[in-house]
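Participant: fold the stuff below for me.
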Amino acid sequence: MRSARPSVFGSPVLVGAITVLVVVVGVFLAYNANKGLPFVPTYDVNVHVPSGADLVVGNDVRVGGDRVGVVNKITPVRDKAGHVSAILGLKLDKTVDPLSKTTTVIVRPRSALGLKYVEITPGRGGQNLAAGDTLALKQARPRPVEIDQIFNIFNKPTRTGIQEGLTGFGNGVTGRGPDVNLAISAFRPLVNNLEPVARNLASPRTQLARFFRSLERAAGEVAPVAEQQAALFRNLNTTFAALVPVKGDIQQFIEKSPPSEDIAIREFPRQRPFLRNTAALFRELQPGAAVLPHAAPILADAEAIGAKSLARTPSLNKGLEGVFHSLDRFVADPVVPRGINRLKETVVTLRDPLDFITPAQTTCNYITLWFRNISSHLSEGDSRGTWQRFIIIATPQGPNNEGGPASAPANGPNQDNHLHANTYPNTASPGQVKECEAGNEDYVIGKTIVGNSPGNQGTVTQGQVK
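Facilitator: Modelled structure (predicted):
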């Protein structure tokens, strides 16, 4: 019969060699496990992040919480402004290939001990990120807050302030347990109403961070006057202590204020026309108010006299009763309207002559001068009466002189034989030169003038003050 074949496991040397080989393979796989299993295809890309602090090679890369790769390489880079950032080489599973260039990345803490991982949020649209490409730094958002930054908030001044605040709160609530319970019960509706307020505060459009920065600057501005502010609050304490006895009245005022404000909101727009008319009235009264100090004594005398005269008005009114009855009959007479219309026509007809005649008196004083000259013309005489004085003036001799019939105006040859005639002199009437020419014409020697004299004779006549 044949002899049995020797077993492989029968040789201690061979068994030891196989054991050593298995251990070496296991150590190799364990050493490279953080960098991905060997001979498995990967999707290698780079991402640019603001900082690679506390990241190590082998940290996880996650998408939606699922591990899809590891950090294979960390390379620090410096830009032209001197800012240092990091480029992470990622070895990803083929399941996420390809990523868009709109993908965002953030380095997040995995535990409070400082362990971190890279979280990727795949983007939509845009160009794909090929293997070996680098995701831009602008896609690393938002900027993460490190745990050491959180701890640095509680520096010594902050810790001291918290301690003093807790001490103050403790002293404030001491012995006020029931009030605190009532306050907590009242907080429930407050919290319900506070939800939309908190939503508005959380909105980016509210810019709450800018508000607190402004508060910080405002606090820095008022810090030098802290003592004055403390004195202000002490004085306010004194003021509020004085208001305690009248708190009931203040409460009623606060309760009545909203209805009063509603009435004011409703009624004030209706009062605007009245206020505008009142303002216009007072503007028109300003000239009268300016002369009131001078006119007040005169008005007082007029009222004193008027009081005496007013007592006599009843008898006057009774006497006027018949006059008004007569006026009533006069108005009811059908002939009166026709007479008034004729009077109206007369007034309209007289308008143009009066417009022409008015400047002759108001500017040149001719009507007054006429009556004065007529009265003096007839004021001389003897015991039998007055008479007009006649003086015979011989006319100059020459052709066409004024002593007899002439075929043309007198025009020489001597300098006295020249006619000066102005039938319609200017009297400053509408359409004429503004001058009082009648009676003011200069006699131009040696020249015949028919019509208006040359030049402007002015507007001053005899009897006027220059």
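
Participant: now do the strands in the chain.
Facilitator: 42-49, 60-63, 66-78, 84-93, 99-100, 104-109, 116-121, 128-129, 134-135, 381-382, 385-386, 420-421, 449-450 (DSSP state E).

Participant: elements contacting the third one?
Facilitator: To tie it back to what came earlier, the one meant is strand 66-78. Secondary-structure packing of strand 66-78 (3 or more CB pairs under 8 Å, 6 or more residues apart in numbering; DSSP states H and E): strand 42-49, strand 60-63, strand 84-93. The C-beta positions use only the backbone N, C-alpha and C, and glycine is treated the same way.

Participant: 6 Å instead, please
Facilitator: Helices and strands touching strand 66-78, by 3 or more CB pairs under 6 Å, 6 or more residues apart in numbering; DSSP states H and E, are strand 60-63, strand 84-93.

Participant: redo these as TSV? Include mean neighbour count.
Facilitator: As requested, the helices and strands packed on strand 66-78 are exported to TSV (neighbours: other CB atoms under 10 Å):
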stretch	mean neighbour count
strand 60-63	19
strand 84-93	19
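
Participant: now render those strands as JSON lines, adding mean pLDDT.
Facilitator: Below are those laid out as JSON lines (pLDDT from 0 to 100):
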{"stretch": "strand 60-63", "mean pLDDT": "89"}
{"stretch": "strand 84-93", "mean pLDDT": "88"}
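
Participant: okay if I get those strands as a markdown table plus distance to residue 256?
Facilitator: Listed next are the helices and strands packed on strand 66-78 as a markdown table, based on distance: least, CB to CB, whole Å:
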| stretch | distance to residue 256 |
| --- | --- |
| strand 60-63 | 64 |
| strand 84-93 | 65 |
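
Participant: of those strands, which is nearest residue 193?
Facilitator: Closest to residue 193 of those is strand 60-63 (CB to CB; 39.8 Å).

Participant: what residues does that closest one touch?
Facilitator: 67-69, 90, 117-120 (CB atoms under 6 Å, 6 or more residues apart in numbering).

Participant: now with 10 Å?
Facilitator: 34, 45, 47, 66-72, 88, 90-93, 95-96, 99, 103, 105, 108, 110, 115-122 (CB atoms under 10 Å, 6 or more residues apart in numbering).

Participant: likewise stretch 108-119?
Facilitator: 47, 49, 52-56, 59-65, 67-71, 88, 90, 104-107, 140, 144-148.

Participant: for the strands of the chain, which one sits closest to residue 335?
Facilitator: Nearest to residue 335, of all the strands of the chain, is strand 385-386, at 45.4 Å by CB to CB.

Participant: pLDDT score for the nearest residue to residue 457 once chain neighbours are set aside?
Facilitator: Nearest-residue entry for residue 457: residue 440, 4.2 Å, with adjacent residues in sequence omitted and distances by CB to CB, 6 or more residues apart in numbering. Confidence at residue 440, expressed as pLDDT, is 83.

Participant: you'd agree residue 440 is up against residue 461?
Facilitator: Yes - using CB atoms under 10 Å, residue 440 is in contact with residue 461, at 6.7 Å.

Participant: now the common contact residues for these two.
Facilitator: Contacts common to residue 440 and residue 461, judged by CB under 10 Å, 6+ apart, are residue 364.

Participant: hmm, back to that, ok, which of the helices and strands packed on strand 66-78 comes nearest residue 152?
Facilitator: strand 84-93 (19.7 Å).

Participant: which secondary structure elements does the closest one contact?
Facilitator: Secondary-structure packing of strand 84-93 (3 or more CB pairs under 10 Å, 6 or more residues apart in numbering; DSSP states H and E): strand 42-49, strand 60-63, strand 66-78, strand 104-109, strand 116-121, strand 134-135.

Participant: go with 8 Å
Facilitator: strand 42-49, strand 66-78.

Participant: state the number of residues packed around residue 49.
Facilitator: Neighbour count for residue 49, taken as other CB atoms under 10 Å: 23.

Participant: how close does it sit to residue 103?
Facilitator: 13 Å (CB to CB, to the nearest Å).

Participant: burial check on residue 118, number of neighbours?
Facilitator: Neighbour tally, residue 118, other CB under 10 Å: 24.

Participant: dig out what it forms beta bridges with.
Facilitator: residue 61, residue 107 (DSSP bridges).

Participant: now it: how far from residue 149?
Facilitator: Taken as CB to CB, the span from residue 118 to residue 149 is 19 Å.

Participant: try residue 459
Facilitator: 96 Å.

Participant: between those two, which is the more surrounded one?
Facilitator: residue 459 (18 against 9).

Participant: pLDDT value on that one, please?
Facilitator: 82.

Participant: that one touches residue 434, doesn't it?
Facilitator: Yes - assessed by CB atoms under 8 Å, residue 459 is found in contact with residue 434 at 6.5 Å.

Participant: list residues touching both of these two?
Facilitator: Here residue 459 and residue 434 have 363, 428 as joint contacts, going by CB atoms under 8 Å, 6 or more residues apart in numbering.
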